[in-house]
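**Student:** any chance you could fold what I've pasted below:
(one chain, ligands or ions: 2)
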Amino acid sequence: MSDIIQLLPDSVANQIAAGEVIQRPASAVKELVENALDAGADEIVIYIKDAGKTSIKIVDNGCGMSPADARTAFERHATSKISSANDLFSIRTMGFRGEALASVAAIADIELRSKRPEDEVGIYIHITGSAVISQEPVACNNGTAIIVKNLFFNVPARRRFLKSNTTELKHIINEIQRVALPNPDIRFLFYHNYALLYDLGKSNMRRRIADIFGKNINQSLIPVGEETSLVKIAGFIGQPKYARKTMGEQFFFVNKRYMRHPYFHKAVMQAYEKLLPSDSFPSYFLMLDIEPGEIDINIHPTKTEIKFENDSAIWQIINATVRESLGKHNVVPSIDFDMEGSVEIPIRKKYSGEISFPEVVTDPDYNPFTEKGSGTGRQREYFRVGADHWESLYNPPDTGDQSRIAFKGDEDQKMPGGEYTGKKVLQLKQKYILTPVKSGIMVIDQKRAHERILYEKFMEILKTESIVSQQELFPQKIELDTADSLLLKSILDDLLALGFDIREFGTNTFVVNGTPGLLDTSTPQMIVEKLLEEYKNSPVDAQAKVREQVAGSLAKASALDYGIELKREEADRLIDKLFTCETPNYSPDGKKVLTIIPLGDIEKLFNI
Ligand code: ADP
Ligand code: MG
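**Tutor:** Ligands and ions are numbered 1, 2, ... in the order given. Coordinates of the predicted model:
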């Protein structure tokens, strides 16, 4: 029998290879726009007809190409971006494989016009299905304009499987968002069938996000920033209250390249945990900047899967950074309690240090009418309280320090300068606490509020002490699969410290002899399975997860219930304590603790 292996003709090989890079019109748009970015353009115009099925035209004002380069650019593995394997570890450009133009040329009809600023005339090249139809000098603008028509004209199967125009256009829009977001300093214009869909002027990232996703998103954005020796993180995250039931806008970029990263996604989601009502998703726009040698972008032709050398360290940095930003911009609604005759108290985020009564220090030399800074040093630290200067309570000198009044006592707090007036509170149906705030009426769910307060208290305790386990009368058996039982074995000691007395009992079987008191122990199997699940999903500080769960269960078990009448002071204290919590808005299991009925809504009720 004769030999049967033969080399495929270039045109066929190119078509096969093209399939990997160009799956649909959106992939062509992505590749061409990325080329424009790599060419240093600061203005990129995208014209699409019929969701890219008829034509895609990209015009840039980048560096352009010489006539010879323009011709070579369509060869497979022709690139100006790397020249040796070593360069793979220092890639800062979007492209480097030299495959995009060759791929598009293999499956479409392309016309390219390109001119370098230093050249008198430009070059025009017409290529169809990898064959050059014509090539000639042309008068054109600096930069490159490329038109791709009849995508997949010679791959009918692929063309048939394109989705509706709406779907294909959605893919194109996604790609444009992914390149436009990390490049706010570049102007993008995007036309579809002559309608201008995006006009993204040069701006900063915050504006760019708002230009793309609408002005409303702006108010929900919390800035994120961290710089470590390994990675720099910048960008924005959405406030939890704007989280949506559908997946929000979630973007990771590394060195300005969009990437999918389910593992890092978890780092963000975990930071939000407990702040979000269940089943909702926050938005985030996070840009990582990292030494190119630390990542491998070469593992997938579309380059959206990226491997990180140090992914668990970066996981922790992302998680901590997001947590910190959420904490800083804590999620407390503007709690300007409307207290006539008393002072607004700057609410501190957390108790710290010992508890004592508030101090008010008066400075007899302080004259509120003199210029700032001209008095004694003291007046920078305290503001004067006294009947003759009562205005200063409302407009204290601006020292930039938000916590001038030491608000330390957690019982019986006295307001500086007079009687303790308390807030106006009203308990409704032995379930809700109502209190006026500047913007309307705040309604607090008493049980959930108390759960939140206790939860944070228990978490505090758990950080320092360990819990004594309560022995079960009837030790229960748990059976797990091999993977889970290995995992459980590895954390048995941690669990013991938290009051779970679990022992191994034969292959993949365990016995629960004791659990932390007050925990719902009816189904230890479920608790353990839940714990294991948490462990699997949170590689960092898994012990904290167990603690959270224990603290949450304890809080639930001991929180005051509905139907309990609260004294005015009790309700008042509950509010105060709630707002010293780190996360007052949501109960430990993510349910809403409070809501505000805006004044406007109340007014509307009277306008009928
Ligand atoms: P890669 O981007 O991976 O290098 P491409 O096939 O996308 O491969 O492009 C091949 C080469 O053509 C690029 O390396 C670049 O030198 C040149 N090129 C492509 N598009 C442009 C453009 N818009 N402006 C200037 N040069 C371009
Ligand atoms: Mg390219």
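**Student:** for ligand 2, what's the nearest residue on the stretch 51-200 of the chain?
**Tutor:** Closest residue of the stretch 51-200 of the chain to ligand 2, CB to the ion: Gly95 (2.7 Å). C-beta coordinates here come from the backbone N, C-alpha and C atoms, glycine included.
**Student:** so that residue sits in a strand?
**Tutor:** No. Counting by DSSP: H, G, I helix; E, B strand; the rest coil, Gly95 is located in no strand; its state is coil.
**Student:** my read: it touches Ala36, true?
**Tutor:** No. Assessed by CB atoms under 8 Å, Gly95 is found out of contact with Ala36, at 10.5 Å.
**Student:** between the two, which one's more packed in?
**Tutor:** Ranked by neighbour count (other CB atoms under 10 Å), Gly95 and Ala36 place Ala36 first, with 27 against 20.
**Student:** helix or strand next in line after the helix-or-strand element of the chain with minimal mean pLDDT, which one?
**Tutor:** When the helices and strands of the chain are scored by mean pLDDT, DSSP states H and E, helix 391-394 comes last with a mean of 28. Moving toward the C-terminus from helix 391-394, the next helix or strand (DSSP states H and E) is strand 426-428.
**Student:** what helices or strands is whatever helix or strand comes next after that following strand leaning on?
**Tutor:** Going down the chain from strand 426-428, the next helix or strand is strand 432-437, by DSSP H and E. Judged by 3 or more CB pairs under 8 Å, 6 or more residues apart in numbering; DSSP states H and E, strand 432-437 is in contact with strand 426-428, strand 440-445, helix 446-464, helix 568-578.
**Student:** out of these, which is closest to ligand 2?
**Tutor:** Checking these against ligand 2 by CB to the ion gives helix 446-464 as the closest, at 50.1 Å.
**Student:** what residues does that closest one touch?
**Tutor:** Here helix 446-464 makes contact (CB atoms under 8 Å, 6 or more residues apart in numbering) with 427, 430-433, 498, 547-548, 550-552, 554-556, 558-562, 564, 566, 571, 574-575, 577-578, 581-584, 586-588, 591-594.
**Student:** buried among those? Make that a ChimeraX selection.
**Tutor:** Of the contacts of helix 446-464, the buried ones go into a single ChimeraX selection, burial set by 16 or more other CB atoms under 10 Å:
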select :427,432,433,498,547,548,550,551,552,554,555,556,559,560,566,571,574,575,577,578,581,582,583,584,586,587,588,593,594
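**Student:** please name the nearest non-neighbouring residue to the residue nearest to the spatial centre of the chain.
**Tutor:** The chain has Tyr284 as the residue nearest its centroid, 2.8 Å off, counting by CA atoms, centre = their mean. Nearest residue to Tyr284 in three dimensions, chain neighbours excluded: Ile237, at 4.5 Å (CB to CB, 6 or more residues apart in numbering).
**Student:** how much space separates that neighbour from Ile314?
**Tutor:** According to CB to CB, to the nearest Å, Ile237 stands 16 Å off from Ile314.
**Student:** the lengthiest strand in the chain - what's its average pLDDT?
**Tutor:** For the chain, the strand with the greatest residue count under DSSP state E is strand 469-479. The average pLDDT for strand 469-479 rounds to 78.
**Student:** would you mark the buried spots in that strand?
**Tutor:** For strand 469-479, a neighbour-count test (16+ other CB under 10 Å) marks Ser469, Gln470, Pro475, Gln476, Ile478 as buried.
**Student:** show me the contacts for the second one.
**Tutor:** With contacts defined as CB under 8 Å, 6+ apart, Gln470 is in contact with Gly499, Gly514, Thr515, Pro516, Gly517.
**Student:** mind listing which of the residues you listed are in strands?
**Tutor:** Judged by DSSP E, the contacts of Gln470 include Gly514, Thr515, Pro516 as members of strands.
**Student:** show me the subset of the residues you listed that also lies near ligand 2.
**Tutor:** The subset of the ones in strands among the contacts of Gln470 within reach of ligand 2, counting by CB under 5 Å from the ion, is empty.
**Student:** returning to that earlier point: OK, contacts around the residue nearest to the centre of the chain?
**Tutor:** With contact taken as CB under 8 Å, 6+ apart, Tyr284 is in contact with Gly235, Phe236, Ile237, Gly238, Gly248, Glu249, Gln250, Phe251, Phe252, Val268, Val322.
**Student:** max pairwise distance over those: which two?
**Tutor:** Pairwise distances across the contacts of Tyr284 (CB to CB) peak at 15.1 Å, for the pair Glu249 and Val322.
**Student:** between the two, which one's more packed in?
**Tutor:** Between Glu249 and Val322, counted using other CB under 10 Å, the more crowded position is Val322 (25 against 17).
**Student:** now do the helix or strand hosting the more buried one: distance to the chain's middle.
**Tutor:** For Val322, the host element (DSSP H and E) is helix 311-328. Offset of helix 311-328 from its chain centre (CA atoms, centre = their mean, to the nearest Å): 10 Å.
**Student:** what's in contact with it?
**Tutor:** Helix 311-328 is contacted by residues 222-226, 228, 230-231, 233, 237, 240, 263-264, 266-268, 270-272, 275, 284, 286, 288, 290, 308, 349, 539-540, 582 when judged by CB under 8 Å, 6+ apart.
**Student:** contacts only, for the closest residue to ligand 1 within the chain.
**Tutor:** Using CB to the nearest ligand atom, the single residue of the chain nearest to ligand 1 is Gly95, 2.2 Å away. The neighbours of Gly95, taking CB under 8 Å, 6+ apart as the test, are Glu31, Glu34, Asn35, Asp38, Thr79, Lys81.
**Student:** near ligand 2, from these?
**Tutor:** The subset of these within reach of ligand 2, by CB under 5 Å from the ion, is Asn35.
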